[in-house]
Each structure stands twice: as structure tokens, then as C-alpha cells.
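Asks: Here is my input, please return the structure:
(one chain, ligands or ions: 2)
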Amino acid sequence: MSEDFIYYCYRCGAENQIDLPKPKAPDYHHTSITCKSCGDSTHVLISHCPNCHRYVYWIDDISIPDLVNGFGKYMVHNMQALIDRAATQDVSISIDTPDNYPINATCPCGSTVTVELFIPDLD
Ligand SMILES: [Zn+2]
Ligand SMILES: [Zn+2]
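Replies: Ligands and ions are numbered 1, 2, ... in the order given. Below you'll find the model as predicted:
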């Protein structure tokens, strides 16, 4: 069984075989990959099923960690509005800001794989 990561470019359909790091979930590796045939580049978020060692991956034009980062900022912004409103009513709330944003996948072997994206400090 090949250790390389294989994906099919969704622009031109070419098979690309790349040797990528193989962190086990919940660790992940995020990188951009370029199709060797048409030069189209895309982001890949890749991890490994701890049970069967298959690659588990998400491919998109946008960077998923950037998306989570943006979403985290949006959440914090809205929580801050809530906190400000509560403050005017003499109420205090404490909020645990998560450090990780979990995303789940089900591996073909049946295991659930969770990758935890690190959310950078937002302040
Ligand atoms: Zn291509
Ligand atoms: Zn598996």
C-alpha cells in the first residue's frame, strides 16, 4: 500500500501523488498543494485515522484554519456584544473561549476521526 497521498485534481482530473506528513488525528497538517498537470493550487487539511492509518483529508479552495479563525473572531465579537449588554444590567457572565475547534469525519473503516483546529488567541 502506497504511503503517498493521492488526490485527483478537481479542475483537470489529473492524479497527483504527494508525500505529505502523516500526523495522527487530532493532529493535522495544513498545506497548499499544486496540481502537477494544470498548476491549479488548493488547500488540503490532512490527518490520519489512528485506527487504520488511512489518510483523512479535506480539500478546499479556502483555507479551513483561516475559516475557523474568522469564525472564531465572529463568535468572540458576538459574545462581546452579549457581555456588554449583560454588564449594563449588572450581570456578569464568564465564558470559556475554546482553544480548539473540532471537526469530525468518519473513516471508511468505521472509526470517527476528530481533528482539532487550533484557534489562535483572538485578543
Ligand atoms: Zn489539475
Ligand atoms: Zn480508519
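
Asks: and the helix or strand residue 80 falls within, what does it pack onto?
Replies: For residue 80, the host element (DSSP states H and E) is helix 64-88. Applying 3 or more C-beta pairs under 8 Å, 6 or more residues apart in numbering; DSSP states H and E, we find helix 64-88 packed against strand 41-48, strand 100-106, strand 112-118. C-betas here are computed from N, CA, C, even on glycine.

Asks: go again using 7 Å as the cut-off
Replies: Other helices and strands packing on helix 64-88, by 3 or more C-beta pairs under 7 Å, 6 or more residues apart in numbering; DSSP states H and E, are strand 112-118.

Asks: List the buried residues in the strand it packs on.
Replies: By neighbour count on 16 or more other C-beta atoms under 10 Å, the buried set for strand 112-118 is 113, 115-117.

Asks: Could you check how far that strand is from the centre of its chain?
Replies: 7 Å (C-alpha atoms, centre = their mean, to the nearest Å).

Asks: That one vs ligand 2: in contact?
Replies: No: Strand 112-118 does not reach ligand 2 (C-beta under 5 Å from the ion); its nearest approach is 6.9 Å.

Asks: Pull the CA coordinates from that strand and hand them back as CSV.
Replies: What follows is strand 112-118, C-alpha atoms only, in CSV (Å, rounded to 0.1, in the frame of the first residue of the first chain):
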residue,chain,number,x,y,z
THR,A,112,-14.7,8.5,13.9
VAL,A,113,-11.8,10.8,13.4
THR,A,114,-11.7,14.2,15.1
VAL,A,115,-9.2,16.8,14.1
GLU,A,116,-8.8,19.7,16.4
LEU,A,117,-8.0,23.0,14.8
PHE,A,118,-6.1,25.4,16.9
